[in-house]
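Peer 1: Just to be clear, the model below is a prediction. Sequence and coordinates:
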Amino acid sequence: MKGSAGEEPLPPVAPDLPVPSREPAALRALGWTIAWVNKAAMAVAAASLLVSVALIGWSIVMRYVFNRPPVWVDEVIGFLLVGIVMLAAADVLRRGEHIGV
């Protein structure tokens, strides 16, 4: 079947095959590096979130069971929260989305 200009139609492309890229190799390497740095930042943010949950649980047990509340936990969790948001913001920006609550 020919198109209106007499050209052969392109064969359908399978959705699982990679599309050949025309960007320079240096740009692809930079994109690959940024993707891996982004994954590492998300891993650190996830680990920080787990540390925050563990610290909050430990603080609750120390406060209500042993009546010895640690005063530094609230500040550490505040710093971790800022780090989590900043590290995760890179992934959100890379995907072209916005941070929402």
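Peer 2: Right, received. Where do you want to start? Residues are numbered from 1 along each chain as shown.
Peer 1: Can you tell me the element residue 49 falls in?
Peer 2: Using DSSP states H and E, residue 49 maps to helix 25-64.
Peer 1: show me the contacts for the nearest residue to residue 81 once chain neighbours are set aside.
Peer 2: Nearest residue to residue 81, sequence neighbours excluded (Cβ to Cβ, 6 or more residues apart in numbering): residue 52, at 6.9 Å. (Glycine included, C-beta is placed from N, CA and C.) The neighbours of residue 52, taking Cβ atoms under 8 Å, 6 or more residues apart in numbering as the test, are 77, 80, 81, 84.
Peer 1: Which one of those residues sits in the busiest neighbourhood?
Peer 2: Of all the contacts of residue 52, residue 84 has the most neighbours under the rule other Cβ atoms under 10 Å, reaching 19 neighbours.
Peer 1: so it sits right up against residue 43, yeah?
Peer 2: No: applying Cβ atoms under 8 Å, one finds residue 84 not in contact with residue 43, separated by 11.7 Å.
Peer 1: Angles on the backbone of residue 69, please.
Peer 2: Main-chain torsions, residue 69, degrees, to the nearest 10: phi -70, psi 130.
Peer 1: for residue 65, same thing?
Peer 2: phi -100, psi -50.
Peer 1: and it, how many neighbours?
Peer 2: Counted with other Cβ under 10 Å, residue 65 comes out at 8.
Peer 1: in this protein, what spans have low per-residue confidence?
Peer 2: Regions of the chain meeting the criterion pLDDT under 70 cover residues 1-7, 10-21, 100-101.
Peer 1: Leaving out chain neighbours, which residue sits closest to residue 83?
Peer 2: Nearest non-adjacent residue to residue 83, counting by Cβ to Cβ, 6+ apart: residue 48, 5.7 Å away.
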